[in-house]
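Colleague: Predicted model, plus sequence, below.
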Amino acid sequence: MQSYDLPAAVPVAFGLGRLNDLGKLTAERLGPEQRLLLVADPFAVSSGLAGRLIQGLEEAGHKTALFSDIASDPREEHIDACAEAARDFGASAIIALGGGSAMDVGKLAAAIVGAEEGSAAYALAIKPFPGNGLPVIAIPTTSGTGAEMTAVSVFSLADGTKVWAWGLELFPKLALLDAEITASLPAPLTAATGVDALVHAIESMTNCKAHPLNDPPAMRAIGLIRRWLPRVMADGSDLEARGQVQIAACLAGAAIAVNGCAVAHGLGHALGTVGHVHHGRAVGLSLRVALAGNVAATPERHALVAEAFGIERQGRSDAALAAALPEAYDAFLREVGLEISLAGDGLSGVDEERLAAACDTPENRPMFEVTCRDFDHAEVERLCRELLTAA
């Protein structure tokens, strides 16, 4: 019998209004009178959410400072500036508030705050973190990246190359989930981030590292997103639905923290580098073109995904059940309003060679290699061509 490992999960505090408990939870987890650097994206600042957190933290006896120089696709200079701000403030911990970008910046800055080198030195896990970083409490304002549950941060180098950093030091000490703070997320971002979580769950169940101990959170996430994301898209004020999608994103994040991702993220990251397409949409569209081949390679695993996605078996074999998944997945993307065509992003078939080259890089190739099937150059080119010309 094969052996498996299942790392301990990040502790989670979930519920409507839980943001009001942040000061108390911080004291319980980290101790009283902390010096906290709040890392928040610009939307969290302009919406007043960051100010609300600062007020609550200071009323609970903590000292706070704010860092908000964050882009939607964070670069190494953002992370290095955040680490410097933490040093200057004498921070004892970081609160990361926002979408995946804010959490990625906060997590990586916390890990390198005591390092002599900047964030670029830790790209692609080239070297281990120094081990003298700061604890992080992650508070997602979107429901998709799962960054609150993972030991990964995604960012871009100075030359625009999209890379990742990995290390156990990047695991937050607490994830705080409050669906109320996701209610103002615009519909296109709600769809894209929800699809991102769905892709996380599917890839964690079907890549070469997949194992049965990690199936339950992924399968649950798939079912929750299939049921509740369309309801959120129909009524963005539905907090019950948003809470369920938030739980799904958390579960999917926990799943990829164990098994990682696969081709949709390798191709999706390349698409982000070449066309600056939003990450969630990029990986969602990438899985769309890769799914049929993946199903053919491992029908048994994809049959589990199909059942979790709500496709009824009706006496069908695993292969026949799994074969229904690509069409159902495509229909779901269209149901939640994800834009399939990349023409509006300025991309077309003429970008095929450039996109294929971006797939064959040290930061993206490993995700192709852990997929459930092999990819030669011709197959990568075919996926790129189908992705760029889809409508």
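Modeller: Here it is on my side, so go on. All figures in this text were calculated on a predicted structure; none of them were measured in a lab.

Colleague: worst-scoring helix or strand of this protein, pLDDT-wise?
Modeller: In the chain, no helix or strand scores lower on mean pLDDT, DSSP states H and E than strand 162-166, which sits at a mean of 92.

Colleague: Quick check: next helix or strand after it?
Modeller: Where DSSP states H and E defines the elements, the next helix or strand beyond strand 162-166 is strand 174-177.

Colleague: pLDDT of that next one, averaged?
Modeller: Averaged over strand 174-177, pLDDT sits at 97.

Colleague: Not counting its own residues, what contacts it?
Modeller: With contact meaning Cβ atoms under 8 Å, 6 or more residues apart in numbering, strand 174-177 is reached by 10-15, 18-19, 21-22, 25, 29, 137-140, 148-149, 243, 246-247, 250. In this view, the C-beta of every residue, glycine as well, is placed from N, C-alpha and C.

Colleague: what is the mean pLDDT for the strand or helix carrying residue 250?
Modeller: Residue 250 belongs to helix 239-259 when assigned by DSSP H and E. Averaged across helix 239-259, pLDDT comes to 96.

Colleague: List the residues that contact residue 273.
Modeller: 156, 160-162, 358.

Colleague: tell me which residues of the helix or strand just after the helix holding residue 250 are tucked away?
Modeller: Going down the chain from helix 239-259, the next helix or strand is helix 263-275, by DSSP H and E. Of the residues in helix 263-275, 263-275 count as buried by neighbour count, 16 or more other Cβ atoms under 10 Å.

Colleague: Export the helix or strand following helix 263-275 to CSV, keeping only CA atoms.
Modeller: The helix or strand immediately downstream of helix 263-275 is helix 279-297, counting by DSSP H and E. Listed next in CSV are the C-alpha coordinates belonging to helix 279-297 (Å, rounded to 0.1, in the frame of the first residue of the first chain):
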residue,chain,number,x,y,z
HIS,A,279,-5.2,34.7,-12.7
GLY,A,280,-8.6,33.1,-12.0
ARG,A,281,-9.9,33.6,-15.5
ALA,A,282,-6.5,32.5,-17.0
VAL,A,283,-6.4,29.2,-15.1
GLY,A,284,-10.2,28.6,-15.7
LEU,A,285,-9.8,29.0,-19.5
SER,A,286,-6.6,26.9,-19.4
LEU,A,287,-8.3,24.0,-17.8
ARG,A,288,-11.1,24.3,-20.3
VAL,A,289,-8.7,23.4,-23.2
ALA,A,290,-6.7,20.8,-21.3
LEU,A,291,-9.6,18.9,-19.6
ALA,A,292,-10.5,16.5,-22.4
GLY,A,293,-6.9,15.2,-22.6
ASN,A,294,-6.7,14.9,-18.9
VAL,A,295,-9.9,13.0,-18.7
ALA,A,296,-8.7,10.5,-21.3
ALA,A,297,-5.5,9.9,-19.3
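
Colleague: Backbone dihedrals for the residue of the chain most remote from its centre, both of them.
Modeller: Farthest-out residue of the chain from its mean C-alpha position, per Cα atoms, centre = their mean: residue 315, at 35.3 Å. The phi/psi pair for residue 315 (degrees, to the nearest 10) reads phi 80, psi 0.

Colleague: quick one: it and residue 308, what's the gap?
Modeller: 18 Å (Cβ to Cβ, to the nearest Å).

Colleague: got it, and residue 170?
Modeller: Per Cβ to Cβ, residue 170 is found 28 Å from residue 308.
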